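Asks: Build me a model:
(one chain, ligands or ions: 2)
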Amino acid sequence: MSDKKDRFEGKLNIDDLERSVIEPREYGKEDRFRFRCYPGIPCFTKCCSGVRINLTPYDIWRLKNRLQMSYDEFLNTYTIPSSIDRTPLPIVVLKMQEDEEKTCPFLQGPEKGCGVYEDRPSTCRYYPVGRAHMRKVDEPELREFYVMIKEDHCLGHKEDKEWTLQQWREDQGADDYDEVTKDWLAVVIKAKSLGITEFSKQSLDLFFMVSSNLDMFRRFVFESRFLEAYEIDPETVERIRNDELELLKFSLQWLRFTFFGEGDFKVKEEAKAKAAERQKLLAEARKKEFEQREKKAAEDLEKLKSMRGKK
Ligand code: SF4
Ligand code: SF4
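Replies: Ligands and ions are numbered 1, 2, ... in the order given. Next up is the predicted model:
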């Protein structure tokens with residue numbers, strides 16, 4: 001289900017966990033392992049307290065729909081703001097209860113287990129498998145592989161049920177989750193692999209909106225000049241207006257385009273010209289402000305010199 005460290009949606013970097021709990025081996029999709037988790041196993045739900053669970057955009061969408069809440073209601077009730085490990089990228093994490101064990105709010109007790117099982121977050125879904133990315137100095141591309149997390153309290157590894165890693169992913173619905181969030185993950189992985197640690201406030205605000213609150217993104221698209229700025233065909237506009245999951249995927253594609261220019265969004269020529277004009281005005285305003293500051297500094301210096309001369 002989950003561990004006591006920041007496992008970031010199963011796409012952990014090896015540094016994210018204590019090395020002692022990660023088996024020192026790279027797994028491929030056809031590699032086999034033994035594991036079984038079921039109600040009745042003595043450790044059942046032991047992994048559902050004292051955990052940090054980062055929520056992806058798809059996790060939030062599934063959970064708020066299951067709980068029949070608006071985004072604002074869900075975020076206010078069940079999350080706290082945080083950031084993705086080793087980046088300033090803002091996300092939300094599941095808010096654990098205030099009891100001594102810091103129990104997950106969705107745990108329904110040691111017998112019943114997870115109360116949102118079909119819509120449990122990616123982190124819980126992928127456990128005990130983690131997806132990792134690494135690039136050696138002489139490799140041009142990031143390489144993806146899997147790791148196995150083996151924590152002492154988790155007895156599932158002692159069971160006989162054998163899987164290939166791909167069979168496990170299919171059983172847990174991991175491929176579906178990855179498919180929806182692939183553009184969002186591409187942004188995160190690229191930011192991490194390029195070691196980008198500084199983003200403008202505007203970029204961070206956009207990232208947070210797209211990652212956490214689709215209601216806000218919907219208003220951004222349909223109640224601002226968004227549709228005037230991009231060439232988007234009418235069918236797509238209708239699709240994202242009427243289908244929330246399509247809007248979610250669209251938002252993640254747009255985020256990727258906005259952050260790294262990847263994807264087939266086209267900014268309208270008119271909007272480009274307006275943006276260039278805005279940049280020009282901004283640059284002129286900054287230049288003017290700089291010149292005024294320099295002039296003021298020169299005047300202050302002159303005043304100081306003349307005061308010294310009088311003494
Ligand atoms: S969401 Fe479900 S599986 Fe995940 S920690 Fe909470 S109770 Fe456990
Ligand atoms: S087997 Fe592992 S994942 Fe399953 S309940 Fe036990 S500790 Fe949690």
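Asks: Could you use CA atoms for every contact and neighbour count after this?
Replies: Will do.
Asks: most centrally placed residue in the chain?
Replies: In the chain, the centroid-proximal residue (CA atoms, centre = their mean) is residue 56; its distance is 5.1 Å.
Asks: residues of stretch 238-253 that come out buried?
Replies: For stretch 238-253, a neighbour-count test (16 or more other CA atoms under 10 Å) marks 240, 245, 247-253 as buried.
Asks: Just put those residues in TSV and tack on secondary structure, distance to residue 76 and pLDDT.
Replies: Converted to TSV, the buried residues of stretch 238-253 look like this (DSSP: H, G, I helix; E, B strand; the rest coil; distance: CA to CA, whole Å; pLDDT from 0 to 100):
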residue	secondary structure	distance to residue 76	pLDDT
240	helix	25	98
245	helix	22	98
247	helix	22	98
248	helix	20	98
249	helix	23	98
250	helix	25	97
251	helix	22	98
252	helix	22	98
253	helix	26	97
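Asks: Just send those back as JSON lines, with distance to ligand 1 too.
Replies: Compiled in JSON lines, the buried residues of stretch 238-253 are given as follows (distance: CA to the nearest ligand atom, whole Å):
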{"residue": "240", "distance to ligand 1": "28"}
{"residue": "245", "distance to ligand 1": "21"}
{"residue": "247", "distance to ligand 1": "25"}
{"residue": "248", "distance to ligand 1": "21"}
{"residue": "249", "distance to ligand 1": "23"}
{"residue": "250", "distance to ligand 1": "26"}
{"residue": "251", "distance to ligand 1": "25"}
{"residue": "252", "distance to ligand 1": "23"}
{"residue": "253", "distance to ligand 1": "27"}
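Asks: Throw those residues into CSV and include distance to residue 198, thanks.
Replies: Output for the buried residues of stretch 238-253, formatted as CSV (distance: CA to CA, whole Å):
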residue, distance to residue 198
240, 31
245, 30
247, 28
248, 26
249, 26
250, 25
251, 22
252, 20
253, 21
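Asks: Considering these, which is situated nearest to residue 220?
Replies: Nearest to residue 220 among those is residue 251, at 10.4 Å by CA to CA.
Asks: For the closest residue to the closest one other than its chain neighbours, give its distance to residue 174.
Replies: Spatially, and ignoring its direct neighbours in sequence, residue 251 is nearest to residue 210 (6.2 Å; CA to CA, 6 or more residues apart in numbering). Distance, residue 210 to residue 174, using CA to CA, to the nearest Å: 21 Å.
Asks: what's near enough to touch the residue in the stretch 201-311 of the chain positioned nearest to ligand 1?
Replies: Ligand 1 sits closest to residue 212 of the stretch 201-311 of the chain, with a gap of 17.1 Å, by CA to the nearest ligand atom. Residues in contact with residue 212 (CA atoms under 8 Å, 6 or more residues apart in numbering) are 56-57, 60, 71, 75, 91-92.
Asks: hmm, try it at 10 Å
Replies: By CA atoms under 10 Å, 6 or more residues apart in numbering, the contact set of residue 212 is 55-61, 71-72, 75, 81, 90-92, 206.
Asks: Show the average pLDDT along whichever strand or helix holds residue 82.
Replies: Element membership of residue 82, judged by DSSP states H and E, is strand 79-83. The average pLDDT within strand 79-83 is 96.
Asks: For that strand, could you pull out the residues that count as buried?
Replies: Under the neighbour-count criterion of 16+ other CA under 10 Å, strand 79-83 has residue 79 buried.
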